[in-house]
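A.B. asks: Next one to model:
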Amino acid sequence: MNTKEDAAKAIGAETPLPPHVGAAEDIANGIIYLASDDSKFVMVFIKKKTSCYS
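C.D. replies: Numbers count the residues shown, from 1 in each chain. Next up, the predicted model:
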């Protein structure tokens with residue numbers, strides 16, 4: 001019988017992301033870095049979100 005745990009394992013096997021979920025401190029440190037002068041050469045690509053309903 002399929003359970004939520006089985007579904008989570010199946011989805012996790014297909015997901016290329018690491019199993020670690022960032023904590024609030026991790027996100028805050030990233031924001032502080034991006035706001036600092038050390039990040040002046042960081043380039044960001046933002047893909048326009050498209051909708052299948054448009």
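
A.B. asks: where does the chain dip in pLDDT?
C.D. replies: Scanning the chain with the threshold set as pLDDT under 70 gives 1, 17-19, 50-54.

A.B. asks: what about 80?
C.D. replies: Low-confidence segments of the chain, defined by pLDDT under 80: 1-2, 8, 11-22, 43-54.

A.B. asks: Let me see the ranges of the helices in this structure.
C.D. replies: Assigned by DSSP state H, the helices in the chain fall at 4-14, 24-35.

A.B. asks: May I see those helices arranged in JSON lines, with distance to V44 as well?
C.D. replies: (C-beta placed from N, C-alpha, C; glycine too.) Shown next, in JSON lines, are those (distance: least, CB to CB, whole Å):
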{"stretch": "helix 4-14", "distance to V44": "27"}
{"stretch": "helix 24-35", "distance to V44": "9"}
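
A.B. asks: need those helices in TSV with distance to V42 and mean neighbour count, can you?
C.D. replies: Below are the helices of the chain laid out as TSV (distance: least, CB to CB, whole Å; neighbours: other CB atoms under 10 Å):
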stretch	distance to V42	mean neighbour count
helix 4-14	30	9
helix 24-35	7	10
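
A.B. asks: Looking at those, spot the one closest to F45.
C.D. replies: F45 lies closest to helix 24-35 among the helices of the chain, at 14.3 Å (CB to CB).

A.B. asks: dump the residue contacts of G22.
C.D. replies: Residues near G22 by CB atoms under 8 Å, 6 or more residues apart in numbering: none.

A.B. asks: what do you get if the cut-off is 10 Å, keeping everything else the same?
C.D. replies: Residues near G22 by CB atoms under 10 Å, 6 or more residues apart in numbering: A28, N29, G30.
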